[in-house]
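**Q** 3D, please:
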Amino acid sequence: MKKDCLFTKNKLMMKKLTLVLLICMVVANCFAQSADKVNIVNAYYTGFEKHDWNLVAGQLADNFTFTSPNNDDHIPLVKFREKCWPTNRFIKKVNFIKMAENGDKVFLLVEITTTGNTIVRNVDYFSFTRGKISSIETYFGPGDWFPGNKK
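**A** So this is what the prediction gives:
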């Protein structure tokens, strides 16, 4: 009888241990996915700071689209490079102010310091597909609207 009781207790302990290990693995995977998104977004902005198109393009999915209040309604990658990439010459530094993540979406408030030392704030809404940025929706905030704007 004692042998059966001990076996039952060990079996129960193994089930609990397995459950705890599974939970730990899920939590670790969530943190890894979050860190990956932060690294991808950071590399994207670093490309603007370093004026390195290849670094930026390396973070973008093939079906990438960009949207902004500046007559950009889900424009494709080719149009994004043509129309928006030239603003990189005005960008000195990008700082992350606030970031919120939900699944494959990231909201990010950024503060951009221009080469003229003015401050621009944007809210960017990133969507991810298979480890790449599939779309960005940008909303211009307080400051000088967007780098290179000639109001």
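**Q** What distance do you get for the residue nearest to Val38 when sequence neighbours are not counted to Gly131?
**A** Counting by Cβ to Cβ, 6 or more residues apart in numbering, Val38 lies nearest to Met99, which is 7.4 Å off, once chain neighbours are set aside. All C-beta spots, glycine's among them, are computed from the backbone N, C-alpha and C. With distances taken as Cβ to Cβ, to the nearest Å, Met99 is found 18 Å from Gly131.
**Q** Between these two, which is the more surrounded one?
**A** Between Met99 and Gly131, counting by other Cβ atoms under 10 Å, Met99 is the more crowded of the two (16 against 12).
**Q** What's the first helix or strand after the lowest-mean-pLDDT helix or strand in the chain?
**A** Least confident element among the helices and strands of the chain, by mean pLDDT, DSSP states H and E: helix 2-49 (a mean of 68). Using DSSP states H and E, the helix or strand that follows helix 2-49 in sequence is helix 53-57.
**Q** Give me the helices and strands touching that following helix, please.
**A** helix 2-49, helix 77-83 (3 or more Cβ pairs under 8 Å, 6 or more residues apart in numbering; DSSP states H and E).
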